[in-house]
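what's the 3D shape of this:
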Amino acid sequence: MPEVPDSHLVIVDPDADFLAWAAAHLKAPGVTINTFERAEEALAAYQKKRADLVLTEVRLNGTTGIELLKRLRQTDPQAMVILFSGTATTSHVIEAMRLGAYDVLGKERLPYELRSVVESALSAIDARRITRSQTAEVPTETIQETIIGRSAAMQDVFKLIGRVSRSDAPVMITGESGCGKELVAGAIHKFSPRAQKEFVAINITAIPDNLLESEIFGHEKGSFTGAVNQRVGRFEQCDGGTLFLDEIGDMPLAVQSKLLRVLQEGQYSRVGSNQTLKTDVRVLAATNKNLEDEVAKGNFREDLFYRLNVVRIHIPPLRERREDVRLLAEFFLHRLSTRRRGPQMRFTDDALDILEAYDWPGNVRELENTIQRACALCNSDVLLPSDIPLGSKGSRYHSSTTTVTRMRDALTMLVNMAEKSPDIELLPWIERELSRMAYRHFDEDADRTAKFLGVNNAALQGHLNTPAVKKAKKVS
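Numbering: from 1, shown residues only. Below you'll find the predicted structure:
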């Protein structure tokens, strides 16, 4: 670390070896480091002499890093804390950020990121000493563990959820269909001061355009054909709470104008009424469209876009965070097994390999549906590769992983066949037959086949075109 004047760090972890590594890793002129294996010892030391920065493992003996964070901030509302863990859950990350943690890091990332994050935190401390800004504590809530991900991209999403939940700022959630935008919106609400009020979600595309305004703002009796009674709109229903507008990019321009008025003035009128109603609702929106392009085309109001896009949270597609597939699949399988009240189901390693290799165009929603379909059709409590129906028509998807498995089985078959034909030279024959199998598998795409086999195109063509090589006769 570069020299930092008179900085005092406290590191808490039950692993003495890790403490020794972390202290050595962060050692620098002007930096004092104290290490503790127990939270109580660290808290007592902090109360006696406040440190600039506390770094703590999430899982501690007898307590948690989250609880230590709470107690530190009760002692000092401006306590600067970084948490790290190899097994932190979604709730841990979101809750820590809501409570004001500076950052939450996966332990596997510490060798690469710890120094830079600590340097950034110490710089923030210096800036705070100048501005003396205050940080308020936010009450703790819980969240159902359905927003899952250990990937760096999803950890960043969790941190953003924790930060934005403390404010009333509108949030724009972007991402492909099926990636979990409503779950993110629900998490923001559950971790917000509005959590005791209603969370209402509306899918804009599921409501006919001529009824959307009435759905959102309500209507008076007789205001249009079929309006036989007064209807309370969603803004009125969730007053004090959160309204989530999914697929906002498909909202008609006429309704956009009325929504803009609510965001600007906190006022609206029911359809067919001149009465002005006030509302206190936090609006979250989501889209899988590029709203900047929609604005340029005149399909979306620019002023409304800027009103909604105060904070943006982008959820990456599942194919860009394959390390989350196994975690999600096992979560869905466990939940289904629990609901069925039968034996706990599990995947074979090959089945999980297939799931991780697939591109998941339908994202998390497709993965969940696939697991549900597999559970409904399988004949045992163990899901095999053959039980995994992938693709929009339920067809089996053969990834490079399954190709390797097939090639291994094919190799065994070829060896057995060769043993019955003593006049065939084994290795060239196997090379030719495996090359032809791979060539057929990749739909006679020579480039993909050569890449898979690790040979150049010329060598591949040689394998494909060479007849079986006879053994040379022994010279007596």
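
Please report how far the one residue sitting closest to the centre of the chain lies from Ile161.
In the chain, the C-alpha nearest the mean C-alpha coordinate belongs to Met154, at 3.6 Å (C-alpha atoms, centre = their mean). From Met154 over to Ile161 the distance is 10 Å, taken as C-beta to C-beta, to the nearest Å. The C-beta positions use only the backbone N, C-alpha and C, and glycine is treated the same way.

So for these two, which residues contact both of them?
Shared contacts of Met154 and Ile161 (C-beta atoms under 8 Å, 6 or more residues apart in numbering): Ile147.

pretty sure Arg231 is touching Ser214, no?
Yes: using C-beta atoms under 8 Å, Arg231 is in contact with Ser214, at 6.3 Å.

Please enumerate the strands of the stretch 101-250 of the chain.
Here the stretch 101-250 of the chain has its strands, by DSSP state E, counting those that start in this stretch, at 103-106, 171-174, 199-203, 218-219, 231-232, 242-246.

quick one: strands adjacent to the fifth one?
Read it as strand 231-232. strand 218-219 (antiparallel) (DSSP bridges).

Which residues does the partner strand contact?
Under the contact criterion C-beta under 8 Å, 6+ apart, strand 218-219 has outside partners Ala227, Gln230, Arg231, Val232, Gly233, Phe235, Glu236, Arg270, Val271, Gly272, Ser273.

Can you say which of those are buried?
Among these, those buried by neighbour count (16 or more other C-beta atoms under 10 Å) are Arg231, Gly233, Phe235, Glu236, Arg270, Val271, Ser273.

In those residues, find the pair that's most separated.
Spatially, the most separated pair among the buried ones among the contacts of strand 218-219 is Phe235 and Ser273, at 13.2 Å (C-beta to C-beta).

tell me what the helix ranked longest in the chain is packed against?
Assignment by DSSP state H gives helix 110-131 as the longest helix of the chain. Contacts defined by 3 or more C-beta pairs under 8 Å, 6 or more residues apart in numbering; DSSP states H and E place helix 110-131 against helix 16-26, strand 53-57, strand 81-85, strand 103-106.

Please name whichever of these is nearest to Asn363.
That would be, of the helices and strands packed on helix 110-131 and by C-beta to C-beta, strand 103-106, which comes in at 22.5 Å.

okay, now the domains of this protein?
For the chain, automatic domain parsing gives the domain ranges 7-131, 152-316, 319-387, 400-465.

Make a markdown table out of those domains and add mean pLDDT.
Below are the domains of the chain laid out as a markdown table (pLDDT from 0 to 100):
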| stretch | mean pLDDT |
| --- | --- |
| domain 7-131 | 87 |
| domain 152-316 | 90 |
| domain 319-387 | 85 |
| domain 400-465 | 69 |
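
Please give me every residue in contact with Arg340.
Neighbouring residues of Arg340 by C-beta under 8 Å, 6+ apart: Cys375.

no no, Glu37
By C-beta under 8 Å, 6+ apart, the contact set of Glu37 is Val12, Asp13, Pro14, Asp15, Ala16, Leu19, Asn61.

Pick the one among those residues closest to Leu260.
Taking C-beta to C-beta as the measure, Leu260 lies nearest Val12 of these, at 48.8 Å.

Who is that closest one paired with across the strands?
Val12 has the following beta-bridge partners by DSSP bridges: Phe36, Thr56.

From what I see, it and Leu60 are in contact.
Yes: if you go by C-beta under 8 Å, Val12 and Leu60 touch, sitting 6.7 Å apart.

shared neighbours, the two?
Arg38, Ala39, Leu68.

Which helix or strand contains the last one?
Pointing back at Leu68 there. Element membership of Leu68, judged by DSSP states H and E, is helix 65-75.

Can you give me the buried ones in that helix?
Neighbour counts over helix 65-75 (16+ other C-beta under 10 Å) mark Gly65, Ile66, Glu67, Leu68, Leu69, Lys70, Arg71, Leu72, Arg73 as buried.

before we move on, what about stretch 279-298?
Those would be Thr279, Val281, Arg282, Val283, Leu284, Ala285, Ala286, Thr287, Asn288, Leu291, Glu294, Val295, for stretch 279-298 by 16+ other C-beta under 10 Å.

Check the secondary structure at the last one for me.
Applying DSSP: H, G, I helix; E, B strand; the rest coil to Val295 yields a three-state assignment of helix.

Now it. Nearest residue, chain neighbours left out?
Glu302 (4.9 Å; C-beta to C-beta, 6 or more residues apart in numbering).

Sounds good, over and out.
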